[in-house]
Every structure is written in structure tokens, then in C-alpha cells.
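Enquirer: sequence plus the predicted model coming up.
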Amino acid sequence: MDHLDQLEAQSIYIFREAFARLKKIALLWSLGKDSNVMIWLARKAFFGRMPFPALHVDTGKKFPEMYRFRDHYGKEWELDLRVEPCPPIDAVDPTLPPAARSAARKTEGLKMALAKFGFDGLIAGIRRDEEATRAKERVFSPRGLEGNWDVRDQPPEFWDHFNASPPQGAHLRIHPILHWTEADIWAYTKRENIPIIPLYLSQNGKRYRSLGDQDITNPVNSTASTIDEILIELERTKVPERAGRALDHETEDAFERLRVAGYL
Amino acid sequence: MNMIVTSATRATLNGTTSMPNGTTRPQVRIVIVGHVDHGKSTLVGRLLHETGSLPEGKLEMLKAVSARRGMPFEWSFLLDALQTERDQGITIDTTQIRFRTNSRDIVLIDAPGHAEFLRNMITGASQADGAVLIIDALEGVRDQTRRHGYLLHLLGVKQVAIVVNKMDRVDFSADRFKEISDEISAHLKSLGVTPTAVIPISARDGDGVAERTDRIGWYKGPTVVEALDRLEPARPLEALALRLPVQAIYKFDDRRIVAGRIESGSLKAGEEIVIMPAGKIAKIKTVESWPVTPVASRQGAGRSVGITLDRELFVERGDIIAHAGTAPRETRRLRARIFWLHDKPLAKGDQLLVRCGPKESRATVVAIEKAVDPGELESSENKAIGRNHVGEIDVSLSNPIATDPYTENPRTGRLVIEISGRIAGGGLVLSVDAGQRAVPVDIVPVESALRPDERSARYQHNGAVVWLTGLPASGKSTLAKALERRLFTIGGSPILLDGDTLRAGLNSDLGFSAADRSENIRRLAEVATHLARNGHIAIVAAVSPAREDRATARRIADTTFREIYVATPAEVCESRDPKGHYAKARSGALQSFTGIGNDYQPPQGAELTIDTSTRSVADATDAIEQMLKASGVLFDEAVDLAANI
């Protein structure tokens, strides 16, 4: 087994545990490279079909390419796609800095979708290498009744034994690709021939490394116009993946506050 | 301000590049552990810096964060990403970070040293191939250092490099270094762990991390980076026996796919397998996959697979698929060495949930053999295992579990313990046949609301266990049914306990080994005795070939026991053969069948002996009725009463 085989096998194991041990789960599909890999892995885990819904919590502010991608592959992959809107900006904590406040709409939208469908597990495509608070995540991460994450009281998790009993009314976040890196995602996307949104590839000297809402996501300087070139670029760059995500950089703890409150 | 740790996998120290994401390089996972404030986070920050793994702008950001707090430059802010951690100056939770040495991709797991967060240290360390144990040169070996050493040993982490940090605070004294080196080496050796290196360093200044500086000129061993470069990736598990714990059975289309991850060994379509603990045999029809299926190649340890079987068998989550001959043992008793993370100490009689892979079973702690604070390494009272302590326990399981001692299989030989849906501890399976000690839970049997004489007055008999023993096809079941009918007709309360019937349910977890046969008889006797004590006549029809087992049954049922030896000659039994067992056994298709071998031990003191080849069923039933009257089970009046109706 090579490195990608190992990552794949571990993710499949996590998917199957989540499906076996929770009652009602959904996969959060943000349309980006990570959640596309997740859907692919889910189809591997369940032999061609994803036996739970894909949930797109829609801020309404994604790029047109992303909506086109969703509509096309939602059908082609035969997903049980649920698109849920987010509340307007006025409904969100006004003490947050602007970009974080904008992003927090998604947290609120997520809570509404949870309440509406009664999911006890949400599969999310976060990775440890993306960001330092995510590095501290569990694979099965309990969330409080308000969707909040108590970093001081995370349950022990070892030897691939996960805590899968959320308290009544609360839910679990399941992270099947927590152990992957950005480069792993691209190498696997290439190996498996998983479709991607063209915004990730360089045009006029710029490309997106991470896709979020249009108003708070910026492209980075890059000439990488193929996945092979992206892999070479990642090998050499020292620019962090989320450098183009404004919300991470407003204050020292802006992102941590968001995550504790329930952001992905 | 952005607190991102590196996502950039970068060129190695000597400038050569390799394949993106290091697919051609061995990956080693190491955990850094040690007492709080002994300098773990500082060492990690220094390692990232020295191996060129820090992202752009990170150093400047750390300087700014330190300056804003009015502190000297602090490496640990790199990993202590959480605001709480930076404010309190401690690492709360484990984190992971990647960097490269000359020949390895390292996944570095930073684990908190604070006693409060031991569960996080274990969460981190359980995933590691190797460990770095850090010790402050001034403070020396502390309780927490020893505790971490013990836990590494318990988690099975064999490669441990010792780093003696803050050598600058002891003037780089070679004597002080030797003192600490000797103490920790002795401690680890007592646990069976040999340190791969003991390295003097100053993480803050960089001495001994990537380079040997003049200040530690007397030290000739490897630097920290060199020591990491020598760690070996996890041992391949493919060489061990096949273990495929079943995660789920999927039936999304016409295929019935058994899904799970191969923990050890390998499998291939066409191979014969056994499903434990039931012991059912099948062949692997196909290995299914997606998008291309089926898969013809051999699949090894680590793969998440799906297989179909050549026959419809009941398989469920938690079963273990193995090759016949190398299957794991099934047991209802385990001895385990565990670490305990729950607030409430673990005590004898506690009810738990034990998970062994996907298999779970309710369990009771039968005994606490040992309870130790690994920080002090003094065996405390054997009453309870406190939080963050370790110990050895015997547990009794309500469902049989198929497992291996961890010395035979590190993957299946480990378990976790859950309380109220949350993992509370974990450990290694030491043995699967813990002593047959009674479960010492505070059992208070509940007495029946009825007195025995109230029941006897209604049934006109006393409770009894009528135990029919004899060769297969000797006529036990026929006699038992005739007796049941007879007693019922006269107003009594007979209940038939047929050995085969109970094997289909209550005893379906038992096989035909000598131990399982004994257990089968013990349970039959317990159930029968319970019925007898409640005034019924339990009629047991069971071959029960072992004299010792029947003696046990008599002990259990005590004065209510009546043994009937159905002494039909063996050749008559074989000529009857109603179930075809004799024919099968003769052809070799039925192993361990009582009758063909001479493992039936006839009773010596039976209350009655009946040969059904010379007596009719009605005649034999009369004889039994007479015996029951003569021995005070049936009342004479009962017969009169029946005659008068």
C-alpha cells in the first residue's frame, strides 16, 4: 500500500464507522476540492453510492463556477442533495470582525439545517494541516447543543475507537479526511481523476487555493495550470493554504472564535 | 493574525526534492511527551525552524505575538494555537504537524504534559510509531516523566528517544546529563523499553537539535534530527494471521457485501474463511470495490475492503473473519492491562461497555489485580484504579468476543472501555482465559412471592430436576416427552429442557470443546434448578457424557436431582440414528460426536436405569413415575386426585 492507499483506507474506515454508529448523518458539501474528494471516498466506502444526503449550506455568495459544478455533479453522482440557505448578515454576532461575521452566517445556516433535519452527525472535510485549531480536532468531534466545540473537554480518542454517542439534541462532527494534507488531496484527485472546479487552476497568473465566498476569498499568485503543476508549487511554496481567506487574519483568535462557536 | 502551521511540504535539509507529498519516502509518526514546562513545544518549534518547515511570515508573526504579550520570543506559540493555551502557557490538546528529515517524512504529534490532559496525551501517543520523551535538565525525572514512560510502554510504543532539555541551565554539565540519563534509562529498562538515544539539548538555543554545538562538545551521540531519521515505520502487519473485523453488511443492490478493514494478514477471493465467534465456515466469493469490481489481487493489512461469501450466512458487525486454523479465540473472560481516564475510579463490580474493534459487549469487572499510579510506580490497594492510573483487571463479558492476546496480535489485542457513551479507558488484552472466578457483584437474589408448599399444594408434587442421560438416539427425548405428557395429565407442572433446543438459543454461543460442553451442562443445570426451586419438574434430556459434568449438575440441583440412565446399547442407538448423526460421524463429517468414540461415561449411582431396546415407552414412563413417587417428588394423593376427576 502506498501513502494514498493508506489515506484512502483510513477514510473509508471512518465513513463506515459513522454510518454504522450514528442514526442520521449528512455530508457537508462545500463544492471545494476537499469535499469532492470526500464524496469520492464515500462512494468507495459504500460501493458506488452515498447512502446519506449531501448538504450544501448555501451563503448565496459562491462563485458561478461552483454552482454550475454543484448542479452538474449533484445529478451525475446521484446525490441526495439538500441545499439550505443561510440567514442574513444582520442575524449574526455583530462583535465579530467583518469577514468572520460574514462567514458566521454559515454557522447559523448549519444550525438551522441541523434543527430542520435532525441530523446527529455531520461529515465535514476539514484537515489538520489547514489551520492550527483544526489540527487539534478529533475524528468524531462532539458538538454542544448550540453547535459549539468545547476544546477543553474533548473526549479521548485512540486506536480508531471513536466516541459516537452525542448527547440528546446535540450532534457529532465527523472528519474523515482530517489526516490528509493539501498535497494529498491533489495527488489523490489526480490519481482518481476526480473532477475539479477550474478556479483552482491558474488564469492570468492567479489561482484559488481555497474556495469560499466570493467576497471574502482571494486568489494567490500562481502559474500552476495543471494538477501536476499545483503539486510542484505546493512542494516549493511557503504561503499557507488559507492565506486567501480574509476571515482567518482579522484578529489573532478570529478563526478560533468561529470554530468554537460551531464553524467548520 | 493568522496562526496557521505549515501546510507546505518542503524541500529537505540538503536541498534535494522528492515526489510531491513524499509518496516514496517512509512516513514515521512520532509523539513528543514529557512533564509540563520541560520544553516540548519549544523543541517542536525549533525542529520546524531547523528543518525549514515554517511557512512564510510565521517567525515574524510569533515575534509579534510574543511582543504584544510583553514576553521574550516564545517558540511554543507556534503550536499552542488556542487562545487559552497561549494565555495559560500550557498545551491543552494534542496537535499534529509535518516536517522532513533527510530520509523520513515525520508526522509529529505534540501531546500535552499536564496531568489534567493525560487523555489527550494518550490520544496522541496511541497513533505513534516512536516517541521523544523530554526531560528538563534542572528538574530531572519527575512523576509525570515516569507516567509518560509507562504509558508509552503500555501503548506499545517501543522506540523512545530521550531528550534532556535546558542543558544551558545546568552549564552543559556532562555529569548532570549522565545522572538523568542513568535514571530514566533504568526506569524504561524496568518496563522493557530501551531508549534509542539519550540526547543533551537546549531547544531554545538549538544545541543538539539539528547540530552538535561546542557547548555539548563532550556528547558523541546523534542529534534530535538524526535520532528521528533512524526511527522505523510501523511493523508490517501482513505477516500475521488474517483478522477482518466486520464493520457492517451492505445490501445496496443484489450483492450482500461484508465490509471492514483488514487489521492483519491478507485475503483473496476463493479462500476459505471462518466467521468468529460463531465458527461458521464459508468461501470468499468476490472482493468488491468501486469504481472497478471485483478485485482479483490479494488484499493486505490496512485495506478497507468488502467481500461477498459463497453462501448466505448470518454475519453481523463485530464478527471477526479469519482463516480456519488461525482463528482468534472466543471468550467471555479477559484479563487486560488498562489505563484509566475517567473521573470516577474503576472498581470491582463496575458495569462497563468493552469495545474490541467494532465488537462491543457489556462487561463486569470481576477483579482488580493491580492498581498503580505510574508516576510513583507503587502498587496501591487492589480496590480501584484511579483517574490517570493504570492497572490489571479481569472482566466478564455478556457476549463472547473473539480476540487475541496483544502479544500475538497488536491490532486485535487491544480494547477500549466506554462509560455512558464516552471512552473512559483502554488497554491491552493480556489473556483471554482469565480465571473462573465468580462475578463478585453485590448480588441479592430476589425470593419468589410464593412459598414452596403453596406450589406443591397446587401441583401435588415437589420441584425436581429429572436428568436423562445416555448415548445419542438412546431414547432420552422420547422418554422425556412421554413423561412430560404423563405429569401434565395428572395436574403437575413439567417443563422439558432438551439439550439441543437450548443449544439453539441460550447456549448458541457454545461449541463442542470439553470446556464448552461443561458450560452447556452447567447452564442446563442452573436453569433446571431454578425451575425446580419454583415447584416445577424440569425434565432435562441431554447426552451429558462427562461424569464430572453430571456431578456438577447434581451439586447445583442438590436434593432435587434425579438421574435416569437411558442405557440403550450402542449398536441399537446407531441402528436408530434418527438425526443421521452416526452415519455422518462414521464418514468423518461430524467431529467430536459422542457415541462413535468411547467418551460416554455411564452413571454409577443413577436413581433409575432404563434400556429402551427392551421396554416400551409407556412401561418406561411408569417406571419413572414410580421412582418419582418413591423418592418423594410425586405425592400419592395426586394420583388419587386425578383418578377422582
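Expert: Nice, thanks for sending it over.
Enquirer: residues near the nearest residue to residue B:583 once chain neighbours are set aside, how many?
Expert: Leaving aside its chain neighbours, residue B:583 sits nearest to residue B:577 (6.1 Å; criterion: CB to CB, 6 or more residues apart in numbering or on different chains). Where C-beta positions appear, they are placed from N, C-alpha and C, glycine not excepted. Neighbours of residue B:577 under the rule other CB atoms under 10 Å in any protein chain shown: 16.
Enquirer: how about residue A:193?
Expert: Count around residue A:193 with other CB under 10 Å applied: 9.
Enquirer: gap between it and residue B:636?
Expert: 89 Å (CB to CB, to the nearest Å).
Enquirer: name the element the residue of the stretch 151-264 of chain A at minimum distance from chain B belongs to?
Expert: Residue nearest to chain B within the stretch 151-264 of chain A: residue A:165 (2.9 Å; CB to the nearest CB). Counting by DSSP states H and E, no helix or strand carries residue A:165.
Enquirer: next: residue B:612.
Expert: Applying DSSP H and E, one finds residue B:612 in no helix or strand.
Enquirer: show me the contacts for it.
Expert: B:474-475, B:478-479, B:566, B:568, B:572, B:620 (CB atoms under 8 Å, 6 or more residues apart in numbering or on different chains).
Enquirer: most neighbours among the residues you listed, which one?
Expert: Going by other CB under 10 Å, residue B:474 tops the contacts of residue B:612 with 28 neighbours.
Enquirer: the residue nearest to residue B:583 against residue B:473, yeah?
Expert: Yes - the pair residue B:577 / residue B:473 is scored as a contact, 5.7 Å apart, by CB atoms under 8 Å.
Enquirer: any low-confidence regions in the stretch 301-450 of chain B?
Expert: When residues are selected by pLDDT under 70, those of the stretch 301-450 of chain B lie in B:374-382, B:433-445.
Enquirer: which residues touch the nearest residue to the residue of the stretch 151-264 of chain A closest to chain B once chain neighbours are set aside?
Expert: Counting by CB to CB, 6+ apart, residue A:165 lies nearest to residue B:421, which is 2.9 Å off, once chain neighbours are set aside. Residues near residue B:421 by CB under 8 Å, 6+ apart: A:163-165.
Enquirer: could you give me the buried positions within the longest helix seen in chain B?
Expert: Longest helix in chain B, counting residues (DSSP state H): helix B:514-533. Neighbour-count burial for helix B:514-533 flags B:517-521, B:523-525, B:527-529, B:531-533 (criterion: 16 or more other CB atoms under 10 Å in any protein chain shown).
Enquirer: ok, so of the residues you listed, who is nearest chain A?
Expert: After measuring those against chain A - CB to the nearest CB - the closest member comes out as residue B:519, at 29.8 Å.
Enquirer: I figured residue A:43 hits residue A:194, correct?
Expert: No - with contact defined as CB under 8 Å, residue A:43 does not count as touching residue A:194 (10.3 Å).
Enquirer: now do the same end-to-end measure for stretch A:42-56.
Expert: Stretch A:42-56 has an end-to-end distance of 16 Å (criterion: CA to CA, to the nearest Å).
Enquirer: and that stretch, does that touch chain B?
Expert: Yes - Stretch A:42-56 reaches chain B (CB under 8 Å from any CB of the partner chain) through A:43-49, A:51.
Enquirer: out of the residues you listed, which are buried?
Expert: Among the residues of stretch A:42-56 next to chain B, those classed as buried by 16+ other CB under 10 Å are A:43-47, A:49.
Enquirer: which positions in the stretch 151-300 of chain B make contact with chain A?
Expert: Residues of the stretch 151-300 of chain B found near chain A (CB under 8 Å from any CB) are B:155, B:247-248, B:250, B:252, B:255, B:257, B:259-261, B:288-291, B:293, B:300.
Enquirer: so which of these are in helices?
Expert: residue B:155.
Enquirer: my read is that residue B:313 contacts residue B:285, right?
Expert: No - assessed by CB under 8 Å, residue B:313 is found out of contact with residue B:285, at 11.7 Å.
Enquirer: follow-up on the earlier one: now the contacts of residue B:612 in a markdown table, with pLDDT, distance to residue B:393 and secondary structure?
Expert: Output for the contacts of residue B:612, formatted as a markdown table (pLDDT from 0 to 100; distance: CB to CB, whole Å; DSSP: H, G, I helix; E, B strand; the rest coil):
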| residue | pLDDT | distance to residue B:393 | secondary structure |
| --- | --- | --- | --- |
| B:474 | 92 | 45 | coil |
| B:475 | 93 | 48 | coil |
| B:478 | 93 | 48 | helix |
| B:479 | 95 | 47 | helix |
| B:566 | 95 | 45 | strand |
| B:568 | 92 | 49 | coil |
| B:572 | 90 | 52 | helix |
| B:620 | 94 | 52 | helix |
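Enquirer: and the residue of the stretch 301-450 of chain B nearest chain A?
Expert: residue B:421 (2.9 Å).
Enquirer: now check the host helix or strand of residue B:133, is it near chain A?
Expert: For residue B:133, the element it lies in under DSSP H and E is strand B:130-136. No - if you take CB under 8 Å from any CB as the test, strand B:130-136 misses chain A, and the best it gets is 14.3 Å.
Enquirer: quick check: mean pLDDT across that strand?
Expert: The average of the pLDDT scores along strand B:130-136 is 91.
Enquirer: partners of it, with directions?
Expert: Applying DSSP bridges to the sheet, strand B:130-136 is found paired with strand B:27-34 (parallel), strand B:159-165 (parallel).
Enquirer: can you tell me how far the residue most central in space within chain A is from chain B?
Expert: Closest residue to the average C-alpha location of chain A: residue A:125 at 3.2 Å, with CA atoms, centre = their mean. Distance from residue A:125 to chain B, counting by CB to the nearest CB, to the nearest Å: 15 Å.
Enquirer: any idea which element the closest residue to that residue other than its chain neighbours lies in?
Expert: The spatially closest residue to residue A:125, leaving aside those adjacent along the chain, is residue A:34, at 3.8 Å (CB to CB, 6+ apart). Here residue A:34 sits within helix A:33-45, counting by DSSP H and E.
Enquirer: next structured bit after that helix?
Expert: strand A:54-58.
Enquirer: beta partners for residue B:364?
Expert: Here residue B:364, judged by DSSP bridges, has bridge partners residue B:351, residue B:396.
Enquirer: count of residues packed around residue B:506?
Expert: Neighbours of residue B:506 (other CB under 10 Å): 15.
Enquirer: which of the helices and strands in chain A ranks last by mean pLDDT?
Expert: Least confident helix or strand, chain A: helix A:254-260 with a mean of 73, by mean pLDDT, DSSP states H and E.
Enquirer: if you count neighbours, what's buried in that helix?
Expert: A:254-260.
Enquirer: what's the closest of the residues you listed to residue B:267?
Expert: Closest approach to residue B:267 among these (CB to CB): residue A:259, at 41.1 Å.
Enquirer: the closest residue to that closest one other than its chain neighbours and residue B:52: what is the separation?
Expert: Distances taken as CB to CB, 6+ apart put residue A:133 closest to residue A:259, at 5.1 Å, once the chain neighbours are dropped. Between residue A:133 and residue B:52 the computed distance is 24 Å (CB to CB).
Enquirer: alright, I will stop here.
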